[in-house]
Each structure stands twice: as structure tokens, then as C-alpha cells.
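Novice: need a structure here:
(one chain, ligands or ions: 2)
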Amino acid sequence: EQQEKWVPRAVNMEIIGTYAQTELGHGTFLRGLETTATYDPNTEEFVLNSPTLTAYKWWPGGLAHTANHCVVVAQLHSKGVNHGVHPFIVQIRDEDTHMPLPGVKVGEIGPKLSFSTANNGFLGFDNFRVPRDSMLMKNAQVLKDGTYVKSRLSKLTYGTMVFIRVMIVTDMAYYLSVGATIAIRYSAVRHQSKPKENEPEPQILDYVTQQHKLFIALASSHAFRVTGQWLWTTFVRVNKALTSGNADTLPELHAVACCLKAVTTRDAASMVEACRMSCGGHGYMTSSYLPILYGITTAACTYEGENTVLLLQTARSLVKAWQKGSKGKPLSPTEAYLMDKSPVPKWENTLDGIIAGFRRVSAGKVQDCVSKIDKLVKMGTSYEDAWNQTSVRLVAASEAHSRAVILATFRAEVSRAAAALSPPLARVLHQLVHLYTVYWALERVGDLLLYTSIAERDVQELQQQYEDLLQKIRPNTVGLVDAFDLRDEILNSTLGAYDGRVYERLMEEALKSPLNAEPVNQSFHKYLKPFMQGKL
Ligand SMILES: CCC/C=C/C(=O)SCCNC(=O)CCNC(=O)[C@H](O)C(C)(C)COP(=O)([O-])OP(=O)([O-])OC[C@H]1O[C@@H](n2cnc3c(N)ncnc32)[C@H](O)[C@@H]1OP(=O)([O-])[O-]
Ligand SMILES: Cc1cc2nc3c(=O)[nH]c(=O)nc-3n(C[C@H](O)[C@H](O)[C@H](O)COP(=O)(O)OP(=O)(O)OC[C@H]3O[C@@H](n4cnc5c(N)ncnc54)[C@H](O)[C@@H]3O)c2cc1C
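Specialist: Ligands and ions are numbered 1, 2, ... in the order given. Below you'll find the model as predicted:
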């Protein structure tokens, strides 16, 4: 019924909304949010209030001047009891004049690293009254007399965040495709240096170091797109079970969504930055779009759950799985490998060998964390302090688990799809899977040396495999980024345009600057000349 009331108006843009959860004082710790919604049975209304400055909502995108409604997450009080955080849909501006309603204080939070068009805002309430049906009552309810009806599953309040985290993995695939397209096309156009005196300056794409910087971004875009599709399918399945009241698979979805969101956003931000730096000075131009793209991807490491906090959420699930498995209880499909107690096999420099290796690393790290925590607790340390003292290792275990999931999913999905592809296309995609897998084996070789039987000669061979793959992929690189089929208007980049007219576009953009409107800028007469004449 509430959906019938609000959804059509949102779909036809009468309602422009945002999600107002984070406050000046709290973003991660949701149970610490201070905004209150106190039920008044006499008028059948909730009174929204920001009791402190730190209770002000801070960050919601579009809140400053665009949204006229928002979903507000507040501590629900009824009959003198605080029932915890719940979502409310609240009109904050007049739908005709767009003026903030009485009792609502709203505004712009100010300049940010990027996302400059997002008008992120602040929002405070001064005993602002909303009707009872403002409380979104799909999960929990408050009856007219103020009786609180508990949700069958309190964690469902957090459901929106799982959905967005699932989507973010696919977002990162897209952003990496943009960064790789810009940097690889530019690297095909840019000629620099003369390693061979009697030959013209080569394309910088022919430097193996340039390939090392860029090809992993290209491969990661495909890896994250495939993993994002798998995660979405998982989300749809879990959500279907939830609607029929079965929440058994929600914890696994939450855990895998947390670590995949954290790892894909961190990789995307660092790889986009590598794409930017691989374009030299022109990569530092805003007109290249790479600095803006970095700002967008690095924000994702913070929003929708700060990465460390999310990796620790997954670690919490891995530790619980280890404890459950150690008692012989069955584990979820994504965590079942933790209970593989077979002897460490002879190392194989194959995709399956490397994937199995990452599972060994993750299981080994989880086991080490459990042992450290148990040892500290036995020595009298509280569980919470033992957890905190082990948290650097817990984050590493989570990352290893996440990498094992991505490696296995990327390999399985490409192998499954390959049968329907032309042999040349299948070969190129397998090369990207191979590159991605060997790249991460080399990046985490220390962990593999600790937890598997990999030997020095295996590592040398993997390094050679990696360099051979760079050479094999080079001829198809421009074709691979063209295959993302990103229009120039979308790329919005002087360096990545399809026609490769980089220098002309850089100059065209430069000449648009208002600072080039006249040959002598007014600053000369106002400041420079008086200064040079000793008059300032
Ligand atoms: C374009 C940009 C737009 C951006 C928008 C934003 O940023 S919006 C703002 C984005 N902001 C954020 O993302 C805020 C990030 N912060 C949070 O999500 C929470 O404060 C928390 C999870 C960190 C801690 O929660 P807590 O203090 O309650 O403590 P706890 O750890 O004890 O968990 C209790 C139990 O609940 C479970 N569980 C938890 N979450 C979920 C879930 N989503 N689903 C399912 N289950 C979940 C958890 O596994 C545990 O289960 P167990 O083991 O007891 O069976
Ligand atoms: C571009 C952008 C858009 C956003 N849009 C929205 C929006 O639309 N709606 C909305 O509600 N919010 C939005 N946010 C806010 C965002 O969700 C929060 O910034 C995010 O949840 C992190 O919370 P925080 O900023 O309070 O950081 P904190 O939680 O204060 O984190 C600061 C540091 O403390 C560490 N830390 C915190 N808790 C723990 C812990 N338990 N264990 C270990 N370390 C910990 C973190 O790892 C981090 O290093 C946006 C943020 C950004 C940057």
C-alpha cells in the first residue's frame, strides 16, 4: 500500500529523493545514529528531531538543492522505548516552491575531491512532524496506538545497502572500461623516446612497463563484470527466498557483497590512478577525464560502507564459518573450501592451481586469525580486544577470500561462455583470465609461499608466463577497448576519443578557457604591474 502511494510519484518524478542515513557524527556505526523519530499516538504522527549538531544528516547525494523528499534513517521511539534505526520517507521541500518546509534545515556541504555535480547536502530537523505512514513498514510496523511490531528479521533494515553494494561491483567494471579505453587509446597515439636511434619514436603502448600498468585494468574490467553478474544472480535468488520468509542465505550474500564491494572499489581506484599516471602530464589534465574518474572510483571505497569496515564484516563471517565447520556443521557454498583439510598439494602453475592456492591462503589466514584470537582470549583478553588486535590479519583474510571468489568466478564464467564464442574471441578472453590470475599470483606471492607448496622456480616461471601474456595481448589491445563501444560523449576525454586527434583536442579544450579570452589578463594591471613597480 505504501509502495502504491510512493512509487508511481517517484517514477514520474514528482518525488525526487535521496537516502539520508549518514550523519555528521556517524556513517559506519548505524546503531549510533542520533536523529530521532518519536511516535505521538495523540496525533498519529512521528516527530523527527536532530538533538545535536552531530545528528545532522551529512553527505546524502542530491540533498542540498535537488531532492524534495528523502528516506531518513532514524532511531524509532514509541511508548518510551527506543526500537533502533528504521527508515522513514519524508517530504523536506514544498513540491511547488521547492522551499524547505518549516522545521527543516537543509543545505550544501561544500566542495569535495570529485562528484562536484552531486550537491551532497546536510539536513536537520527541529521537531518536524510527519504522518504515521511515513515509516516504511515493509519489515517493522508501529500501530496507531504506538504498539511496535518487530520485523521478522532485524537485518532487513540494512537490505538497501546490500543491493547497492551488489551494483557497485558492476559499476567498477564500467569505470575500469572507461579508464582502460582512455589510457590504452592514448598509449597507441603517443610516441615517445628513441630506444633505437635509427627507428622512429615508438608508441608508448609498446613499452612492456606500460602494458604492465594498463592490461590489468582491462582484464579487471571483464573480471568484475562477470563477477558482478554472478553476484546479481545470487542477490536475486536470496531476495526471492527472503520474500517467502527464508533468510538462511542472507548472511552469505551480505558477507560476499561486503568483500567484493571493498576489493573491486579499491582495485578500480588504484588501477584508474595507474591509467592516469601512465598518460604522463596529459593524464593530469581534467580534459583527459582521468582525474575525475579517479575521484569517482575512490569515493566508492568510502560510500555504501567504508572498505575496511566491510572487509571486517566478511572476516566476521569467515571466522564464524571456521568455528561452525570445525564442529562439523555444513558451510555456505562460497565458504565451504575453508574446511578442506586435505594435505597441501604439489603446486601447479595452472589456473586451477593458482585458484586452489588462493583458497589455501584464505583458509590459512582465517585459521591463523582464529588461533590468535583464541590465544589472546585464553590469556584473559576480551573477545572485542582480541578481535581488534587481530584485525589487520582479518582484513587480509577477507581480501584473500574475495580474490579467490573473483578468480574462480572469472575463470568459470569465461570457460562456460567460451563454447559459444568464435575461437579467436575465446582465445583472447582466456588470455585475459590467464593474465588476471597470474598477475594476482605474483602480487600475492608472499602469501602463496606461506600457505602453499609453490617454489622459487614456479615463481620464476609465473613471471615469464606473465610477460609472455603481455606480448600475446598487445596486438589486440586497441580492439579490446574499442569493443567496450564507449561513445566519445561518454568518455568525455581529450585523450580517449575514437579518432585519436589527441593534440588537436587538447588545444581545442585549452582555447575554451576564459583565461585565453584576451592576450593580457586583467590580473596584470591589478596585481602584477603594481607589484613590479613596488606599489603592492
Ligand atoms: C553514489 C553514492 C551513494 C552512497 C550512499 C551511501 O553511502 S548510503 C550509507 C552507507 N552506509 C553504510 O553502508 C553503513 C555501514 N555500516 C553498516 O552496515 C553497519 O553499521 C555495520 C554492518 C558495519 C555494523 O552493524 P551493527 O552495528 O548492527 O553490528 P554487527 O556487525 O554486529 O551486525 C549485526 C548483524 O547484522 C548482520 N548484518 C550487518 N549488516 C547487514 C546487511 N547489510 N545485510 C545483512 N546482514 C547484515 C551482521 O552480519 C551481523 O550478523 P550476525 O553475525 O550477528 O549474525
Ligand atoms: C561521495 C560520497 C557520497 C555519499 N553519499 C551518501 C548518501 O547518499 N547517503 C548517505 O547516507 N551517506 C552517503 N555517504 C556517506 C558514506 O556512506 C559514509 O562516509 C561512509 O559510510 C563512511 O562513514 P564515515 O564517513 O562516518 O567514516 P567512519 O565510519 O568515521 O570511518 C573513518 C575511519 O574509521 C574506520 N572505522 C570505523 N569504524 C571502524 C570499525 N568498526 N573497525 C575498524 N575501523 C573502523 C574506517 O575504516 C575509516 O578508516 C557518501 C559519502 C561519499 C564520500
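Novice: got the residues of the stretch 251-400 of the chain near ligand 2?
Specialist: Within the stretch 251-400 of the chain, the positions near ligand 2 by C-beta under 6 Å from any ligand atom are 299, 302-303, 305-306, 308-309, 312. (Glycine included, C-beta is placed from N, CA and C.)
Novice: most neighbours, which of these?
Specialist: residue 305 (25 neighbours; other C-beta atoms under 10 Å).
Novice: how about the residue nearest to residue 338 when sequence neighbours are not counted, secondary structure?
Specialist: Among residues not flanking residue 338 along the chain, residue 363 sits closest, at 4.9 Å (C-beta to C-beta, 6 or more residues apart in numbering). Look at residue 363: counting by DSSP: H, G, I helix; E, B strand; the rest coil, its state is helix.
Novice: still on that earlier bit, can you tell me which of the residues of the stretch 251-400 of the chain next to ligand 2 end up in helices?
Specialist: Counted as lying in helices by DSSP state H, out of those, are 299, 308-309, 312.
Novice: Can you find the residue of the stretch 1-150 of the chain that comes nearest to ligand 2?
Specialist: Nearest residue of the stretch 1-150 of the chain to ligand 2: residue 27, at 2.1 Å (C-beta to the nearest ligand atom).
Novice: Model confidence score at that residue, please.
Specialist: With respect to pLDDT, residue 27 has a value of 97.
Novice: give me the number of residues near residue 337?
Specialist: Residue 337 has 18 nearby residues by other C-beta under 10 Å.
Novice: what about the nearest residue to it once chain neighbours are set aside, is that helix, strand or coil?
Specialist: The shortest distance from residue 337 to any residue other than its chain neighbours is 4.5 Å, reached at residue 359 (C-beta to C-beta, 6+ apart). In terms of secondary structure, residue 359 is helix; the call rests on three-state DSSP.
Novice: Could you tell me which residues of the protein lie near ligand 2?
Specialist: Counting by C-beta under 6 Å from any ligand atom, the chain sits next to ligand 2 at 18-22, 26-28, 59-61, 115, 120, 299, 302-303, 305-306, 308-309, 312.
Novice: and ligand 1, which of those residues reach it?
Specialist: Within these, those near ligand 1 by C-beta under 6 Å from any ligand atom are 19, 21-22, 27-28, 61, 303, 305, 309.
Novice: What is the burial count for whichever residue of the stretch 151-300 of the chain sits closest to ligand 1?
Specialist: Taking C-beta to the nearest ligand atom as the measure, the point where the stretch 151-300 of the chain comes nearest ligand 1 is residue 158, at 3.2 Å. Residues lying near residue 158 (other C-beta under 10 Å) number 14.
Novice: The closest residue to it other than its chain neighbours - how many residues pack around it?
Specialist: Leaving aside its sequence neighbours, residue 158 sits nearest to residue 30 (C-beta to C-beta, 6+ apart; 7.4 Å). By other C-beta under 10 Å, 16 other residues sit near residue 30.
Novice: how near is residue 30 to residue 56?
Specialist: Taking C-beta to C-beta, to the nearest Å as the measure, residue 30 falls 16 Å from residue 56.
Novice: same question, residue 504
Specialist: Separation of residue 504 from residue 56 (C-beta to C-beta) stands at 48 Å.
Novice: Settle it for me: which of those two has more neighbours?
Specialist: Legend: neighbour count by other C-beta under 10 Å for residue 504 and residue 56, higher for residue 56 (22 against 12).
Novice: mind checking which helix or strand residue 214 is in?
Specialist: Secondary structure from DSSP states H and E places residue 214 in helix 208-243.
Novice: Beyond that helix, next helix or strand please.
Specialist: Next helix or strand after helix 208-243 toward the C-terminus (DSSP H and E): helix 250-277.
Novice: wait, what's in contact with residue 274?
Specialist: 213-214, 217 (C-beta atoms under 8 Å, 6 or more residues apart in numbering).
Novice: got a pLDDT number for it?
Specialist: 98.
Novice: do residue 151 as well
Specialist: Per-residue pLDDT puts residue 151 at 86.
Novice: With adjacent residues omitted, what lies nearest to it?
Specialist: residue 139 (3.6 Å).
Novice: isn't there a helix covering the one you found?
Specialist: No: under three-state DSSP, residue 139 falls outside any helix and is assigned coil.
Novice: tally of neighbours for it?
Specialist: The burial count for residue 139: 17, using other C-beta under 10 Å.
Novice: Relative to residue 221, how far out is it?
Specialist: With C-beta to C-beta as the criterion, residue 139 and residue 221 are 36 Å apart.
Novice: sorry, back to before: for the residue nearest to residue 338, which residues are in contact?
Specialist: Neighbour list for residue 363: 337-338, 340, 451 [criterion: C-beta under 8 Å, 6+ apart].
Novice: What pLDDT does the model give residue 13?
Specialist: Note for residue 13: predicted pLDDT of 88.
Novice: Report how many residues lie close to it.
Specialist: 7.
Novice: cool, the one 5 residues further on as well?
Specialist: When counting by other C-beta under 10 Å, one arrives at 25 neighbours for residue 18.
Novice: again, but for the one 4 residues further on
Specialist: Residue 22: 18 surrounding residues under other C-beta under 10 Å.
Novice: Could you do residue 131 as well?
Specialist: 10.
Novice: which stretches of the stretch 301-450 of the chain form helices?
Specialist: Ranges of helices within the stretch 301-450 of the chain are 307-326, 351-378, 383-389, 391-418, 423-443, 445-451, based on DSSP state H, counting those that start in this stretch.
Novice: For the ones you listed, give me CSV that also has distance to residue 8 and mean pLDDT.
Specialist: Below are the helices of the stretch 301-450 of the chain laid out as CSV (distance: least, C-beta to C-beta, whole Å; pLDDT from 0 to 100):
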stretch, distance to residue 8, mean pLDDT
helix 307-326, 34, 97
helix 351-378, 46, 97
helix 383-389, 46, 98
helix 391-418, 37, 97
helix 423-443, 43, 97
helix 445-451, 52, 97
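Novice: Columns distance to residue 96 on top of those, output as TSV?
Specialist: Shown next, in TSV, are the helices of the stretch 301-450 of the chain (distance: least, C-beta to C-beta, whole Å):
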stretch	distance to residue 96
helix 307-326	41
helix 351-378	56
helix 383-389	52
helix 391-418	48
helix 423-443	53
helix 445-451	60
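Novice: wait, what's in contact with the residue nearest the centre of the chain?
Specialist: By C-alpha atoms, centre = their mean, the chain has its centre lying nearest to residue 265, at 3.7 Å. Residue 265 makes contact with 168, 172, 297, 300-301, 307, according to C-beta under 8 Å, 6+ apart.
Novice: what number of residues lie near the residue in the stretch 351-500 of the chain that ligand 2 sits nearest to?
Specialist: At 6.4 Å from ligand 2, residue 391 is the closest residue in the stretch 351-500 of the chain, using C-beta to the nearest ligand atom. The local packing of residue 391 (other C-beta under 10 Å) involves 15 other residues.
Novice: residue contacts, the closest residue to it other than its chain neighbours?
Specialist: Nearest residue to residue 391, sequence neighbours excluded (C-beta to C-beta, 6+ apart): residue 312, at 6.4 Å. The contact partners of residue 312, taken as C-beta under 8 Å, 6+ apart, are 391, 394-395, 398.
Novice: Residue 238 now?
Specialist: Residue 238 is in contact with 249-250, 252-253, counting by C-beta under 8 Å, 6+ apart.
Novice: Please tell me how far it sits from ligand 2.
Specialist: 22 Å (C-beta to the nearest ligand atom, to the nearest Å).
Novice: tell me the pLDDT at that residue?
Specialist: 93.
Novice: what do you get for residue 246?
Specialist: The per-residue pLDDT reported for residue 246 equals 86.
Novice: How about residue 536?
Specialist: Listed pLDDT for residue 536 reads 67.
Novice: list the contacts for the closest residue to residue 44 other than its chain neighbours?
Specialist: Distances taken as C-beta to C-beta, 6+ apart place residue 132 nearest to residue 44, at 4.7 Å, with adjacent residues excluded. Residue 132 sits next to 39, 44-46, 142, 144 when contact means C-beta under 8 Å, 6+ apart.
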